[in-house]
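Asks: following is a predicted model, sequence given first.
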Amino acid sequence: MRDLNKYKGVIPAFYACYDDQGEISPERVQALTKFHIEKGVKGVYVNGSSGECIYQSVADRKVVLENVVEAAEGKLTIIAHVACNNTRDSIELAKHAEKLGVDAIAAIPPIYFRLPEYAIAKYWNDMSDAAPETDFIIYNIPQLAGVNLTPALYEEMRKNPRVIGVKNSSMPVQDIETFASASGDDYIVFNGPDEQFLGGRIMGANGGIGGTYGAMPELFLALDELIKNKELETAKELQYAINRIISKLVSGHGNMYGMIKEVLRINEDLDLGSVREPLPALVEDDLAIAKEAAEMITETIKKYVK
Ligand SMILES: CC(=O)N[C@@H]([C@@H](O)[C@H](O)[C@H](O)CO)[C@@H](O)CC(=O)C(=O)O
């Protein structure tokens, strides 16, 4: 049996950190990494959706990962998302990630062209072969990628011994059960949709990777503890409270990640810049929404975090 404990827990998806000109800011990447260590999360998922990876160059993504690894000083599990929608760049990032000593690499399927499953498997295995000492995690996010991880493709991928599981961001919690049942205890399934962290964990997810954890890590850590302690009524209450916060975070004109960065500025004095176009930045009216969301987080922490 593999020891997968380093993956079991709350793993925030790492936000893109820009300077005031919109370039990657190594200092802000390091500050966000240290913030995660202080909050006590298990690890970070770098250069994924929340990291705005599809709007970044290969060079940008290398700078981000290098600075996360440096600032983490071995205190966090690091999963690097390396998919670039072409095999060549993904291989380059996979090699780079392994050289930096990350715990795992992860990848979405190739998007735009509808490829047959054997081509998707080859794409994933090619980048995994480029990082032969590193675990590999499949990132299933069909609503954005347009490709669903089928049980047959997952079975094919498990022939690769480096594949340790799935980060499942599809909406049906039943998918979590499907992947967990198919692969068993020697594999890990991460819950993707933050709004159903509780449901995903109950259906078999051993941990979670999420785009809103970074805005309120205390709340997801508390929710995880409640689930472990089987305090499910309180867990449900907290999940509902988290979902009201997420609804607020997505209610602005600007993109949710811009809203979260504003919340982190208010609550944590952390400046991560804005978002990269074509993601819409916040407008003046959004600032009041961010303030409300920040207050909701503070109040919910007071109520549920001991
Ligand atoms: C569709 C989507 O973006 N899903 C998010 C969720 O964490 C999502 O942001 C959250 O549930 C709020 O809707 C994650 O699964 C993505 C993620 O973890 C990532 O940044 O790679």
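Replies: Sure, I can see it.
Asks: for stretch 148-162, which positions count as buried?
Replies: Leu149, Leu153, Tyr154, Glu156, Met157, Arg158, Arg162 (16 or more other Cβ atoms under 10 Å). From N, CA and C alone the C-beta is placed, and that goes for glycine too.
Asks: how about that stretch, does it reach the ligand?
Replies: No - judged by Cβ under 6 Å from any ligand atom, stretch 148-162 stays clear of the ligand, getting no closer than 13.4 Å.
Asks: okay, how far is it across that stretch, tip to tip?
Replies: Terminal residues of stretch 148-162 lie 21 Å apart, using Cα to Cα, to the nearest Å.
Asks: just to be sure, which of the buried residues of stretch 148-162 are found in helices?
Replies: Using DSSP state H, the members of the buried residues of stretch 148-162 that fall in helices are Leu153, Tyr154, Glu156, Met157.
Asks: can you pull the pLDDT of the second one?
Replies: According to the prediction, Tyr154 has pLDDT 98.
Asks: do you know how far it is from the ligand?
Replies: In this view, Tyr154 and the ligand are 17 Å apart by Cβ to the nearest ligand atom, to the nearest Å.
Asks: equivalent analysis for Pro193, please.
Replies: Taking Cβ to the nearest ligand atom, one finds Pro193 at 4 Å from the ligand.
Asks: got phi/psi on that residue?
Replies: phi -70, psi 120 (degrees, to the nearest 10).
Asks: then Ile242?
Replies: Torsion angles, degrees, to the nearest 10, at Ile242: phi -60, psi -40.
Asks: what count of nearby residues applies to it?
Replies: A total of 26 residues lie near Ile242 under the criterion other Cβ atoms under 10 Å.
Asks: lowest-pLDDT helix or strand in this structure?
Replies: helix 142-145 (a mean of 93; mean pLDDT, DSSP states H and E).
Asks: up against the ligand, what does the stretch 101-250 of the chain have?
Replies: 141, 143-144, 169, 192-195, 209-212, 246.
Asks: right, and Val69 touches Val102 too?
Replies: Yes - between Val69 and Val102 there is a contact under Cβ atoms under 8 Å: 6.9 Å.
Asks: then the helix or strand containing Val263 to CSV, C-alphas only?
Replies: Here Val263, judged by DSSP states H and E, is contained in helix 256-268. Taking C-alpha atoms only, helix 256-268 is exported to CSV below (Å, rounded to 0.1, in the frame of the first residue of the first chain):
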residue,chain,number,x,y,z
MET,A,256,-14.5,35.5,-8.3
TYR,A,257,-10.7,35.4,-8.1
GLY,A,258,-10.5,39.2,-8.1
MET,A,259,-13.2,39.2,-5.4
ILE,A,260,-11.2,36.7,-3.3
LYS,A,261,-8.0,38.8,-3.7
GLU,A,262,-9.9,41.8,-2.4
VAL,A,263,-11.2,39.8,0.5
LEU,A,264,-7.6,38.7,1.3
ARG,A,265,-6.6,42.4,1.2
ILE,A,266,-9.3,43.3,3.7
ASN,A,267,-9.1,40.4,6.1
GLU,A,268,-5.4,39.4,5.9
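Asks: list the residues that contact the closest residue in space to Glu155 that isn't next to it in sequence.
Replies: Nearest non-adjacent residue to Glu155, counting by Cβ to Cβ, 6 or more residues apart in numbering: Ala182, 6.8 Å away. By Cβ atoms under 8 Å, 6 or more residues apart in numbering, the contact set of Ala182 is Pro151, Tyr154, Glu155.
Asks: let's see it at 10 Å
Replies: Listed by Cβ atoms under 10 Å, 6 or more residues apart in numbering, the contact set of Ala182 reads Pro151, Tyr154, Glu155, Arg158, Val166, Val189.
Asks: what's the distance between the fifth one and Tyr118?
Replies: Meaning Val166. To Tyr118, Val166 is 19 Å away according to Cβ to Cβ, to the nearest Å.
Asks: same question, the fourth one
Replies: Arg158 is 15 Å from Tyr118, where distance means Cβ to Cβ.
Asks: ok, back up a step: quick check: the farthest pair among the ones in helices among the buried residues of stretch 148-162?
Replies: Tyr154 and Glu156 (7.3 Å; Cβ to Cβ).
Asks: what is in contact with these two at once?
Replies: Any residue near both Tyr154 and Glu156 by Cβ under 10 Å, 6+ apart counts here, and that gives Ala121, Val163.
Asks: quick check: mean pLDDT across the helix or strand encompassing Ala94?
Replies: For Ala94, the host element (DSSP H and E) is helix 87-100. For helix 87-100, mean pLDDT is 98.
Asks: right, I'll leave it there.
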